[in-house]
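Student: pasting the structure only:
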């Protein structure tokens, strides 16, 4: 099943997506809901982010080549020995097709990071390896846009990762997913940049959920972005980034650099 959130007469509504047919619902996708009688066409609606999370988590350096490119897979600086989680800010979220706005004082080192996003479906604490995935509602796609100079010079990621519009997410949540079958493809202006097995992580989703819930409680609608593979070229004004994950969909966003 696919779930979307869309703009409807001044409000943001939730709907089930069946092919190109949008079926609005009343209620909560994570608990009780009722399907309305009316139907809309996907081409006629403007999508919002498919979920607005209570808490926004993000894995760091969770694929081998990406960790190596950051100097974390060498004897002098080994990759983390356990799943390592961070946070992102909800102000940075934007939907499919909305523009990534690069501030005028950003350097040229602005990169994409194509990621699978885990959407939590129930309250969860002290998960184990046998029941961890039962807390997952579904999966969507994220683009963890990063300004690398700020990332190196600021003491936190407050602007390098969390500038407004730096977190595209969508286009929808897919609940029927076989993780080992997924492949991620990133295209820049229609040209393929990288292709990798989505589930080929250093620490898998189960590893993260088990370790996280040892210390904190997850709630319905929380999201966990699972990291990326490889490296990115610097994004330029007018570029279009597409992140496709087979079985889920394609997240597409243009890049706009503000004039100084």
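Tutor: Great, that's in hand. Please read all numbers here as calculations on a predicted model, not as lab measurements.
Student: quick one: average confidence on the lengthiest helix in the chain?
Tutor: Counting residues, the longest helix found in the chain (DSSP state H) is helix 205-215. For helix 205-215, mean pLDDT rounds to 98.
Student: who's in contact with that helix?
Tutor: With contact meaning CB atoms under 8 Å, 6 or more residues apart in numbering, helix 205-215 is reached by 57, 59, 82-83, 85, 118, 124-129, 132-133, 135-136, 179, 218, 224, 226. The way it works is simple: take the backbone N, C-alpha and C, and place the C-beta from them, glycine included.
Student: Could you do stretch 124-139 as well?
Tutor: Contacts with stretch 124-139, where a contact means CB under 8 Å, 6+ apart, come from 1, 3, 29-30, 116-122, 173-177, 205-206, 209-210, 213-214, 216-218, 220, 245, 248.
Student: 6 Å instead?
Tutor: Here stretch 124-139 makes contact (CB atoms under 6 Å, 6 or more residues apart in numbering) with 116, 118-122, 173-175, 177, 206, 209-210, 213, 217-218, 248.
Student: which of those count as buried?
Tutor: Buried residues within the contacts of stretch 124-139, defined by neighbour count using 16 or more other CB atoms under 10 Å: 116, 118-121, 173-174, 177, 206, 209-210, 213, 218, 248.
Student: And residue 85, how close does it get to residue 4?
Tutor: 27 Å (CB to CB, to the nearest Å).
Student: Same drill for those two, tell me which one is more crowded.
Tutor: Between residue 85 and residue 4, counted using other CB atoms under 10 Å, the more crowded position is residue 4 (27 against 18).
Student: which residues of the chain fall in helices?
Tutor: Secondary structure of the chain (DSSP H): helices at 64-69, 148-153, 205-215.
Student: Which one, of the ones you listed, ends up nearest to residue 52?
Tutor: The closest of these to residue 52 is helix 205-215. By CB to CB, the value is 19.9 Å.
Student: Cheers, nothing more for now.
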